[in-house]
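Colleague: Here is a sequence with its predicted model. Questions after.
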Amino acid sequence: MAKFATINDVALKAGVSKAAAWAALANHRTNINLGKETKDRIIEMAKQLNYKPNITARSLSQQKSFLIGFLCRENYGKNATELLRGMQDVFLGQGYSVIAYVHGDTAKDELCNLEHSNARLSEALIITPALERNGYSNNQEIVRLQESGIPVVQLFNKIVPNIPCVSYDNYEAGKAATNYLIEKGHKRIGHFTIADYHDEITPGFHIESKQRWMGYDAAMRSAGLEPFVFTMPDEGWPDSPCGAAKKLIAHAYRPTALITVYDSMAIYLMDGLRDAGFRVPQDMSFIGHNGDEFIFYKYSHLTTFVVPLSKMGGEAARMCLSMLEGKTVEDVQFKPEFCSGSTVAPLIIQ
């Protein structure tokens with residue numbers, strides 16, 4: 001069996017104490033001050049010995065797990081990769097690893113993962129809290145974890161009171177999309193969203209849909225224009241893309257531009273319009289929301305507002321580290337990032 005170099009081997013080769021070697025190779029501040037020449041020598045000796053930190057030994061000696069739990073609702077699953085990328089860019093540099101748990105929208109599923117995360121002695125949690133339509137949640141359990149000394153950060157929506165949150169300004173995204181189309185000369189601008197976009201019974205369940213509609217509605221009314229909302233039934237698309245597109249074109253409102261609450265809706269309707277013989281953006285302009293990476297592989301031309309997932313994951317990680325150091329953190333909200341594609345055209349009045 002191959003023998004791995006230890007911190008003692010590094011210290012011996014560099015001619016320093018074990019404590020000095022540990023301080024030079026630590027990814028965080030220590031109480032030991034080393035001169036630059038000494039630190040550089042220790043690092044060079046570690047490279048020559050191909051030294052790799054023993055996480056298990058370090059965990060035992062410091063009585064820390066160096067684990068961060070990430071609890072993600074499955075309907076955010078497509079976003080998880082980008083979120084994790086941002087988290088890991090921050091955590092790995094500080095010696096922490098992320099354990100990801102995916103659960104459904106039920107509080108029961110989330111509670112199970114909370115218990116598993118606690119069993120693994122996760123030092124902090126990043127969560128997209130579950131909220132059932134009946135309003136049931138694990139808010140009290142999450143607050144108890146925070147009060148017990150385990151930092152908790154929410155992503156996307158501030159569902160649990162008094163727990164810091166990293167969110168995205170959906171209202172501004174809806175408003176900016178609408179104003180962009182108005183500047184292009186459009187007046188009949190429709191908003192395509194889910195059926196329960198203004199659900200007041202379970203605030204937070206579809207909060208991004210409601211906030212994007214509110215931004216759209218405010219911009220339209222501010223410009224003296226009539227807002228009009230098209231909705232997709234809860235059971236999904238009733239027709240083929242072509243059929244749905246023809247209904248849209250035949251509607252009395254007949255928008256010249258459409259803002260969709262998600263990119264996937266824009267893609268569906270644009271495909272339907274093309275199949276029906278209409279042109280995008282000449283016959284109808286489109287703006288989506290989210291900037292979903294998996295959609296961009298095929299539809300990189302879509303004009304959309306991007307949710308900066310990697311940046312949000314990184315910020316959540318930095319907040320966790322600050323809280324682990326005993327610092328107080330505030331909510332952080334990211335602004336929408338406009339991605340100019342080729343699905344918007346100026347309105348030309350014949």
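Modeller: Yep, it's here.
Colleague: Going by C-alpha atoms from here, please, whenever you check contacts or count neighbours.
Modeller: Fine.
Colleague: Give me the buried stretch members for stretch 173-186, please.
Modeller: For stretch 173-186, the neighbour count (16 or more other C-alpha atoms under 10 Å) marks A173, G174, K175, A176, A177, T178, N179, L181, I182, H186 as buried.
Colleague: go on, stretch 139-146?
Modeller: Using 16+ other C-alpha under 10 Å as the test for burial, stretch 139-146 gives N139, I142, V143, L145, Q146.
Colleague: Just the ones of the buried residues of stretch 173-186 in strands?
Modeller: Among those, DSSP state E puts none in strands.
Colleague: and those residues, which two are the farthest apart?
Modeller: Among the buried residues of stretch 173-186, the pair separated by the greatest distance (C-alpha to C-alpha) is A173 and H186, at 17.5 Å.
Colleague: okay, which residue is most central for the protein?
Modeller: By C-alpha atoms, centre = their mean, the mean C-alpha position of the chain lies nearest to L309, the distance being 3.8 Å.
Colleague: show me the contacts for the nearest residue to S310 once chain neighbours are set aside.
Modeller: In this structure, S310 finds its nearest non-sequential neighbour in G86, 4.2 Å apart by C-alpha to C-alpha, 6 or more residues apart in numbering. Shown in contact with G86 (C-alpha atoms under 8 Å, 6 or more residues apart in numbering): L309, S310, K311, M312, G313, G314, E315, A317.
Colleague: follow-up on the earlier one: quick check, nearest of the buried residues of stretch 139-146 to L269?
Modeller: Ranked by distance to L269 (C-alpha to C-alpha), the buried residues of stretch 139-146 are led by N139 at 38.2 Å.
Colleague: what about the closest one, distance to T303?
Modeller: As for N139, its distance to T303 is 37 Å (criterion: C-alpha to C-alpha, to the nearest Å).
Colleague: go on, Y268?
Modeller: Note on Y268: its distance to T303, by C-alpha to C-alpha, is 14 Å.
Colleague: Ok, E330 next?
Modeller: The value you get for E330 to T303, if C-alpha to C-alpha is used, is 32 Å.
Colleague: neighbour count winner among those two?
Modeller: It is T303, of E330 and T303, that has more neighbours when counted by other C-alpha atoms under 10 Å, with 24 against 10.
Colleague: Correct me if wrong: that one contacts S340.
Modeller: Yes: using C-alpha atoms under 8 Å, T303 is in contact with S340, at 4.9 Å.
Colleague: returning to that earlier point: any idea of the pLDDT on the residue nearest to the centre of the chain?
Modeller: Here, the pLDDT recorded for L309 equals 94.
Colleague: for it, what are its contacts?
Modeller: Applying C-alpha under 8 Å, 6+ apart to L309 gives the contacts N79, E82, L83, G86.
Colleague: How about I126?
Modeller: I126 touches I68, G69, F70, L71, V152, V153, Q154, L155, A316, A317, C320, counting by C-alpha under 8 Å, 6+ apart.
Colleague: The second one falls within a helix, correct?
Modeller: No: secondary structure assignment (DSSP: H, G, I helix; E, B strand; the rest coil) places G69 in strand, not in a helix.
Colleague: Please identify which pair of the contacts of L309 lies farthest apart.
Modeller: N79 and G86 (11.3 Å).
Colleague: re earlier: quick one: the residue nearest to the centre of the chain and W22, what's the gap?
Modeller: Taking C-alpha to C-alpha, one finds L309 at 35 Å from W22.
Colleague: and if you look at R144?
Modeller: As judged by C-alpha to C-alpha, R144 and W22 stand 35 Å apart.
Colleague: if you skip the residues just before and after it, what's nearest to K13?
Modeller: Spatial nearest neighbour of K13, chain neighbours left out: M45 (6.5 Å); criterion: C-alpha to C-alpha, 6+ apart.
Colleague: Contacts for the helix or strand harbouring that neighbour, please.
Modeller: Assessed by DSSP states H and E, M45 sits inside helix 36-48. Around helix 36-48, the neighbours that count as contacts under C-alpha under 8 Å, 6+ apart are V10, A11, K13, A14, A21, A24, L25.
Colleague: need these in CSV with secondary structure and pLDDT, can you?
Modeller: Shown next, in CSV, are the contacts of helix 36-48 (DSSP: H, G, I helix; E, B strand; the rest coil; pLDDT from 0 to 100):
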residue, secondary structure, pLDDT
V10, helix, 83
A11, helix, 86
K13, helix, 84
A14, helix, 86
A21, helix, 82
A24, helix, 81
L25, helix, 77
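Colleague: Buried among these? Make that a ChimeraX selection.
Modeller: Buried members of these, defined by 16+ other C-alpha under 10 Å, are picked up in ChimeraX with:
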select :10,11,14,21,24,25
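Colleague: Now tabulate the contacts of helix 36-48 in CSV and tack on distance to K52.
Modeller: Listed next are those as CSV, based on distance: C-alpha to C-alpha, whole Å:
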residue, distance to K52
V10, 10
A11, 14
K13, 15
A14, 16
A21, 13
A24, 13
L25, 10
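Colleague: ok, the contacts of helix 36-48 vs R212, which is closest?
Modeller: Proximity of the contacts of helix 36-48 to R212 (C-alpha to C-alpha) peaks at L25, which lies at 47.2 Å.
Colleague: any weak-confidence spans in the stretch 1-150 of the chain?
Modeller: Segments of the stretch 1-150 of the chain classed as low confidence (criterion: pLDDT under 70) are 1-3, 27-31, 53-64, 77, 105, 133-135.
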